[in-house]
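In: next come a sequence and a model predicted from it.
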Amino acid sequence: MNLIPRIEDELKQARLARDDERRDALALILASLKSAEKELQRPLSEDEELQVLQRERKKRVEAFEAFDQAGREEQADKEDFELEVLEEFMPEPLTEEELEEIIDDVIAEVGATSIRDLGRVMADVMPQVSGRTDGSAVSQLVREKLA
């Protein structure tokens, strides 16, 4: 995947096009990736890049909600735009049907029968859906299926 060169190229294109909003959003994403790389003192793996993007997405969603509830439309729109740019670099999200299929397969595989098996099911499901869906949504769906 190696996102840093790809984002640097997109950033260069945004600068040439004088697209200030996109340039700023890309610069923030790039800074987060480089910061994580510097912290680890080595290039990031695909999973680590994805974790950084997920963390950034979560920040943007929370900030958007906070600004939106406070009636600060301009800041909310900025966060929403940054979220859109960020999601360009994330894997394609799973559909509800794909997620249910993965969960059903894991439940059958581990022989889960009750809510007590939640941990085992989640441990097998999360690596398969990492970065493509929200963990709380997965947990909720697994709970419903095991109830």
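Out: Right, received. Where do you want to start? Residues are numbered from 1 along each chain as shown.
In: please report how far residue 70 lies from residue 79.
Out: Counting by C-beta to C-beta, to the nearest Å, the separation of residue 70 from residue 79 is 12 Å. (C-beta placed from N, C-alpha, C; glycine too.)
In: comparing the two, which residue is more hemmed in?
Out: residue 79 (21 against 10; other C-beta atoms under 10 Å).
In: please parse this structure into its domains.
Out: 3-87, 96-146 (automatic domain parsing).
In: CA atoms only: put the one helix or strand residue 100 maps to into PDB for me.
Out: When elements are defined using DSSP states H and E, residue 100 is found to belong to helix 96-110. The C-alpha trace of helix 96-110 is given here as PDB (Å, rounded to 0.1, in the frame of the first residue of the first chain):
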ATOM      1  CA  GLU A  96     -24.100  -5.200   5.600                       C
ATOM      2  CA  GLU A  97     -24.500  -8.500   3.800                       C
ATOM      3  CA  GLU A  98     -20.800  -9.100   3.500                       C
ATOM      4  CA  LEU A  99     -20.300  -8.400   7.200                       C
ATOM      5  CA  GLU A 100     -23.200 -10.700   8.200                       C
ATOM      6  CA  GLU A 101     -21.700 -13.500   6.000                       C
ATOM      7  CA  ILE A 102     -18.300 -13.100   7.600                       C
ATOM      8  CA  ILE A 103     -19.900 -13.200  11.100                       C
ATOM      9  CA  ASP A 104     -22.100 -16.200  10.200                       C
ATOM     10  CA  ASP A 105     -19.000 -18.100   8.900                       C
ATOM     11  CA  VAL A 106     -17.000 -17.400  12.100                       C
ATOM     12  CA  ILE A 107     -19.900 -18.400  14.400                       C
ATOM     13  CA  ALA A 108     -20.200 -21.700  12.600                       C
ATOM     14  CA  GLU A 109     -16.500 -22.200  12.500                       C
ATOM     15  CA  VAL A 110     -16.000 -21.700  16.300                       C
END
